[in-house]
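K.L.:
Provided below for reference: sequence and predicted model.
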Amino acid sequence: MANQSTSVQQRRDQRDAFIVAQFPLLDASFVATVDATVGLDSHLTVTHIPATDHFTNHSFATLNKTITVVLSTLYGSPEKVTFTPALESRDSSQFGVIAVATDGLPGNTVADPGAPIFTALLQQGIFMRGTTVGSLVVPSGSNFTAFNGGLLENFLGALFIRR
């Protein structure tokens, strides 16, 4: 039992080392994608809020992250979407999620009902996945779609632009 316990602890320590290395990289990649995608549009404002999560069940005590808020004034009153990174593991390859929350947006804001990926983004967030190299992906049925600026631009457009 001692050998098995040691082996399990070694795997946990290796996974924690991977998370400590990859989480900040994916957090920074997401922030850069948002900044590049939103650009200088006068109706959109991006705010980045540094935050720290504290842990007792990992070999690391804290993990820094960036909460990102995109605020739209396209229709006058402010509407926002907030992206919040956190640790989450739904399968062996997932180690984090960037949760998506909307505030001030009507419930039927996704203008393209034929885009189930937008619904997945709202309901499940953006996954941080990987075992040797981390990546940002969006669940798409039983598969995953790589997260990129084009996907983010279309998502924000579907949220903020009413037809």
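P.N.:
Received, thanks.
K.L.:
which stretches of this structure form strands?
P.N.:
In the chain, the strands defined using DSSP state E lie at 44-54, 62-72, 79-87, 94-103, 126-129, 135-140, 143-146.
K.L.:
adjacent strands (with direction) for the fifth one?
P.N.:
Each strand that pairs with strand 126-129, with its direction, by DSSP bridges: strand 94-103 (antiparallel), strand 135-140 (antiparallel).
K.L.:
for it, which outside residues touch it?
P.N.:
With contact meaning C-beta atoms under 8 Å, 6 or more residues apart in numbering, strand 126-129 is reached by 22-23, 26, 30, 83, 85, 90, 93-98, 100, 134-139, 144, 147. No exception for glycine: its C-beta is placed from N, CA and C like everyone else's.
K.L.:
using ChimeraX, define a selection of the buried residues within the residues you listed.
P.N.:
To isolate in ChimeraX the members of the contacts of strand 126-129 that are buried, counting by 16 or more other C-beta atoms under 10 Å, one can use:
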select :22,23,26,30,83,85,94,95,96,97,98,100,134,136,137,138,139,144,147
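K.L.:
what sits against residue 25?
P.N.:
By C-beta under 8 Å, 6+ apart, the neighbours of residue 25 are residue 134.
K.L.:
how about the one 5 residues further on?
P.N.:
With contact taken as C-beta under 8 Å, 6+ apart, residue 30 is in contact with 66, 68, 83, 85, 98, 126, 136, 147.
K.L.:
for these, could you give me TSV that also reports distance to residue 34 and pLDDT?
P.N.:
Listed next are those as TSV, based on distance: C-beta to C-beta, whole Å; pLDDT from 0 to 100:
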residue	distance to residue 34	pLDDT
66	9	98
68	5	98
83	7	98
85	12	98
98	10	98
126	11	96
136	11	97
147	11	96
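K.L.:
from these, which single one is nearest residue 119?
P.N.:
Taking C-beta to C-beta as the measure, residue 119 lies nearest residue 126 of these, at 13.5 Å.
K.L.:
centre of the chain to the longest helix along the chain, how far?
P.N.:
When the chain is parsed with DSSP state H, its longest helix is helix 2-38. Chain-centre distance of helix 2-38: 14 Å, with C-alpha atoms, centre = their mean, to the nearest Å.
K.L.:
in that helix, which residues are buried?
P.N.:
In helix 2-38, counting by 16+ other C-beta under 10 Å, buried: 15-16, 18-19, 22-24, 26-27, 30-31, 33-34, 37-38.
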